[in-house]
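Kindly return the folded structure for what I paste below:
(chains A and B)
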2 protein chains.
Amino acid sequence: MEQDVLPVGLERDARHLVTLEPGKAVLTRRNLVSAAASLAASGALGAAPGKAAAETIPSRPEWQQRPGAELMSPPYGAPSARESQVIRRARHGSPPPPTNYAGISLTPHQNLYGIVTPGGLHYERHHSGVPDIDPDQHRLLVHGLVERPLIFTMDDLTRFPSVSRLHFLECSGNTPTWGVPKPGLTVQDTHGLLSCSEWTGVPLATVLAEAGVRPEGKWLLAEGGDAAALTRSIPIEKAFDDALLVYAQNGERLRPEQGYPLRLLLPGFEGNTSIKWLRRLKIGTAPFQTRWETSKYSLVLPDQTIRQFDFVMDAKSVITSPSGGQSLKGTGFHEISGLAWSGRGKITRVEVSTDGGTSWHDAALQEPVLSKCLTRFRFPWQWEGAPARLASRSTDASGYVQPSRAALESIRDGRSYYHNNAIQTWAVAANGSVVNA
Amino acid sequence: MEQDVLPVGLERDARHLVTLEPGKAVLTRRNLVSAAASLAASGALGAAPGKAAAETIPSRPEWQQRPGAELMSPPYGAPSARESQVIRRARHGSPPPPTNYAGISLTPHQNLYGIVTPGGLHYERHHSGVPDIDPDQHRLLVHGLVERPLIFTMDDLTRFPSVSRLHFLECSGNTPTWGVPKPGLTVQDTHGLLSCSEWTGVPLATVLAEAGVRPEGKWLLAEGGDAAALTRSIPIEKAFDDALLVYAQNGERLRPEQGYPLRLLLPGFEGNTSIKWLRRLKIGTAPFQTRWETSKYSLVLPDQTIRQFDFVMDAKSVITSPSGGQSLKGTGFHEISGLAWSGRGKITRVEVSTDGGTSWHDAALQEPVLSKCLTRFRFPWQWEGAPARLASRSTDASGYVQPSRAALESIRDGRSYYHNNAIQTWAVAANGSVVNA
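Prediction:
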């Protein structure tokens, strides 16, 4: 199909064009190469577009010679089969989970753009599989230290005034990469327990106001409706601040693996506290000390004390392109792009280093920059072909600056891998290959 | 499974709770009814939560008695099978398209929340089916009145600096409902050729700067790579303003039916100008007068003149809940919710009427309010049970106010149904049923 000369047939075939003059648009390989040379000379974007101009265009590609799929797309569509490698998966090199009912799947950030994570690629963390819940039978119980214990159907809950907000969700076990970096890890391995959606739900404060929380009620127990009955204790302040009872995600009802038909969402808190398949909220005076906050989801500190209820995910960022496993195709211009987020509010600054942290430069933040939401950053980079070390560092509205790995490891015990928000470095070799460093 | 008394078993079964005291949470049907009565007396939200409290909660529902699906969710997930009715479909009552290669599918806004449309539910309009394009073979040609004709591969294009923006896309044929309203239409029928995504792509201005548009170049021809070779003429000002060469949508690569691997996106312009499967851009001095802008996509005016190149989608809005085909479940509080948008910038105001336009009240606009993007609005409503007529009216940053149907029909000819941005009314009957009016 490829031809040396762009045929006038291109224009004849576009039979609906009435004002075009065949012959005028003939491009030879020579003048295309010439165009490439002039472009390269301009230096604006390095080698990228020059490579383009050195090729020719087929007259009419195969897919333009006959109609497309005879029927319409499916009533509920799917990505192109040509993108079948863009999937969530378990972490490379991890042992298999003890049962088939528990495990994780990771979002492929190396293949994603912008800030919205498609529903089909949202990360997962399950402790007892994904239950198949009938929304008509599902109930939410609100009880404990309340004036009026209440039970809600899904229809009841969705009658309350709703809000929609874009928020990230990150597992506290995201980035379990302490110690010597494993070169083979991709950003899906290191940062795949992170996703971002537009969530729609009812403010928890509204429902609690209906039940009437008694003055001595200071903590809230949230229980999941799966077989694991995952339970976490939540400070009542968070419940009255921005907590949501979520029933929709990215426009549609929650996906089963995200808690269909109802989940708690605690913006900025570690993911496991945003209880999925939510069936019960109990108000109490103190933390309930469930196994999920004694044997798990707590931090061992270097002095061997335990830090519990370390809810907020601090400012963090990661370069998603180029990242581990990718390869730079040629020297010249490359856009460095990544994600930044903080559980304490908006991201105010992202800096990028290409020399492993010796020098830092401000990256551009893609609008809209939203609170407790992923922020896409971009940084223009001219790669001259020498080895490089790429890293990003975020600052949030509280003034907190993402720490180096060394700084973070100095205040943690290696046994507790949670809440690793250290700076991530990718090493670029002279041949363009990129590995975890 | 339903029991009259909430069993203490609920707490025993939640075996990881160590501080709960069995027996304390016992609720009888009597005190639940009592709770409902006190809630109804408070009047805060009408009958909604009272209905909830009149029920009981099963001790351990079926799905909590055993683990969920043994394997993890699919590598690329899908909605719950229980939401199988939330699909795109053709318009009710429309004749079938002349071939299986052309047609539309409509976004089910009656089932959606927030502003993001899931990729699987984005509306479609195809003229010759959905081509299956190999991204490695796909090329974009930029030629005509340029200094340097250029051909780009997908890898070339994605090397340029990108931007991500949330924008609506609306077919100019959305809402073809002139004349006597058909009561059976739903919002999917009336407003389903409208969707909203986070788009990622390269500013067209960047690529045109590489090619070097000659001073006499004033219009741009964009051609699709499908068998229909859909072609539209675009003013060069739009190309240099906010036009994008888009390769990703809602985080992932474009869906096939949205132009995989490359489409033009002209924010705020009628959807057909955002050419899918984009393969060619030619710069010229004047509009190219393709059949798509002579026999189609032009407006007949009452004086029998033709208006061509009526690109911008003016301010519009629609109530999505409650809407045609839905039914109010009981009197009392209902949140009226809907979407507003304008091709000229941000929505600045949405007003809601419950009496068919006699009186108007400001609705709340859900943040973030973005330019040329859907804006979700919400309005609290106490329904007393009388027939009502619900309508919404939007105003955009240019000061333009969405017109009534009568006002719009007075300046249009009925034969050209494009660009109908009239106020939409839904009639609520005393039994709660909602129909198009």
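
When you work out contacts or count neighbours from here on, use the C-alpha atoms and nothing else.
Noted.

so what's A:Ala35 scoring on pLDDT?
You'll see A:Ala35 listed with a pLDDT of 34.

Apologies, that question was intended for A:Thr200.
pLDDT at A:Thr200 comes out at 98.

Pull the number of nearby residues for A:Pro135.
For A:Pro135, the count of nearby residues is 15 (other CA atoms under 10 Å in any protein chain shown).

show me what contacts it?
A:154, A:260-261 (CA atoms under 8 Å, 6 or more residues apart in numbering or on different chains).

Which single one of these is nearest to chain B?
A:Tyr260 (7.6 Å; CA to the nearest CA).

surely that closest one meets A:Arg279?
No. Contact criterion CA atoms under 8 Å: A:Tyr260 and A:Arg279 do not qualify, at 11.1 Å.

who has more neighbours, those two?
A count of neighbours by other CA under 10 Å puts A:Tyr260 above the other of A:Tyr260 and A:Arg279, at 27 against 23.

check contacts around the closest residue to chain B within the stretch 251-400 of chain A.
With CA to the nearest CA as the measure, A:Gly251 is the residue of the stretch 251-400 of chain A nearest to chain B, at 4.6 Å. Residues near A:Gly251 by CA under 8 Å, 6+ apart: A:198-200, B:112-118.

check contacts around the nearest residue to A:Thr186 once chain neighbours are set aside.
Nearest in space to A:Thr186, with sequence neighbours left out and distances taken as CA to CA, 6 or more residues apart in numbering or on different chains, is A:Gly324 at 4.4 Å. Contacts for A:Gly324 (CA under 8 Å, 6+ apart) come out as A:183-187, A:426, A:434-436.

And A:Ser321, by the same measure?
A:110, A:335-338.

ok, what's across the strand from it?
Here A:Ser321 sits in beta bridges with A:Ser337, going by DSSP bridges.

Count residues in the vicinity of the nearest residue to A:Arg89 once chain neighbours are set aside, would you?
Spatial nearest neighbour of A:Arg89, chain neighbours left out: A:Ser105 (4.8 Å); criterion: CA to CA, 6+ apart. A:Ser105 is flanked by 24 other residues according to other CA under 10 Å.

Strand partners (parallel or antiparallel) of the one helix or strand A:Ser105 maps to?
Taking DSSP states H and E as the criterion, A:Ser105 maps to strand A:103-105. Using DSSP bridges, strand A:103-105 pairs in its sheet with strand A:124-126 (antiparallel).

And the strand it pairs with, how far out from the chain middle?
On the basis of CA atoms, centre = their mean, to the nearest Å, strand A:124-126 is displaced by 14 Å from the centre of the chain it belongs to.

swap in stretch A:347-356?
19 Å.

Mind listing what's buried along it?
A:347-354, A:356 (16 or more other CA atoms under 10 Å in any protein chain shown).

can you check stretch A:325-332 too?
Judged by neighbour count (16+ other CA under 10 Å), stretch A:325-332 contains these buried residues: A:325-328, A:330-332.

Stretch A:200-209 too?
Neighbour counts using 16+ other CA under 10 Å place A:200-208 of stretch A:200-209 among the buried residues.

which residues are in contact with that stretch?
For stretch A:200-209, using CA under 8 Å, 6+ apart, the contacting residues are A:142, A:157-158, A:160-165, A:239-249, A:251, B:113-114.

mind listing the helices for chain A?
Secondary structure of chain A (DSSP state H): helices at A:9-13, A:29-42, A:48-53, A:154-159, A:187-191, A:204-211, A:236-241, A:291-294, A:405-410.

How many neighbouring residues does A:Pro403 have?
Using other CA under 10 Å, A:Pro403 has 20 neighbouring residues.

and it, how far is that from chain B?
28 Å (CA to the nearest CA, to the nearest Å).

Does that residue touch A:Gln424 like I think?
No. Contact between A:Pro403 and A:Gln424 fails when scored by CA under 8 Å: they sit 9.9 Å apart.

circling back: any idea which of the contacts of A:Pro135 is the one closest to B:Met72?
A:Tyr260 (15.2 Å; CA to CA).

Would you mind listing the residues in contact with that closest one?
A:133, A:135, A:247, A:253-254, A:276-277, B:80.

And the buried residues of stretch A:200-209, which is closest to chain B?
A:Thr200 (6.3 Å).

Show me what A:Phe333 is bridged to.
Going by DSSP bridges, A:Phe333 forms beta bridges with A:Gln382.

so how far is the first residue of stretch A:115-134 from its last?
Its first and final residues considered, stretch A:115-134 spans 31 Å by CA to CA, to the nearest Å.

follow-up on the earlier one: give me the buried subset of the contacts of A:Gly324.
Buried among the contacts of A:Gly324 (16+ other CA under 10 Å): A:185-187, A:426, A:434-436.

re the thing from before, what do A:Tyr260 and A:Arg279 both touch?
Counting by CA under 8 Å, 6+ apart, nothing touches both A:Tyr260 and A:Arg279.

any idea which residue sits dead centre in chain A?
Compute the mean C-alpha point of chain A, and by CA atoms, centre = their mean the closest residue is A:Ser195, 2.9 Å away.

Bridging across strands, which residues link to A:Phe152?
Beta-bridge partners, per DSSP bridges, of A:Phe152: A:Leu140.

ok so, going back, OK, contacts around the residue nearest to A:Arg89?
With CA under 8 Å, 6+ apart, A:Ser105 has these contacts: A:88-91, A:123-125, A:192-193, B:72, B:75.

Tell me the confidence at it?
93.

likewise the one 3 residues further on?
According to the prediction, A:Pro108 has pLDDT 98.

Leaving out sequence neighbours, find the closest residue to A:Gly268.
A:Gly268 sits nearest to A:Gly343 (CA to CA, 6+ apart), 3.5 Å away.

Distance of the one you found relative to B:Arg263?
For A:Gly343 relative to B:Arg263 (CA to CA), the value is 35 Å.

Which residue, neighbours along the chain excluded, lies closest to A:His126?
Here the residue nearest A:His126, using CA to CA, 6+ apart, is A:Ala102, at 5.2 Å.

What is the neighbour count of that neighbour?
By other CA under 10 Å, 21 other residues sit near A:Ala102.

ok, now A:Thr158?
A:Thr158: 18 neighbours (other CA under 10 Å).
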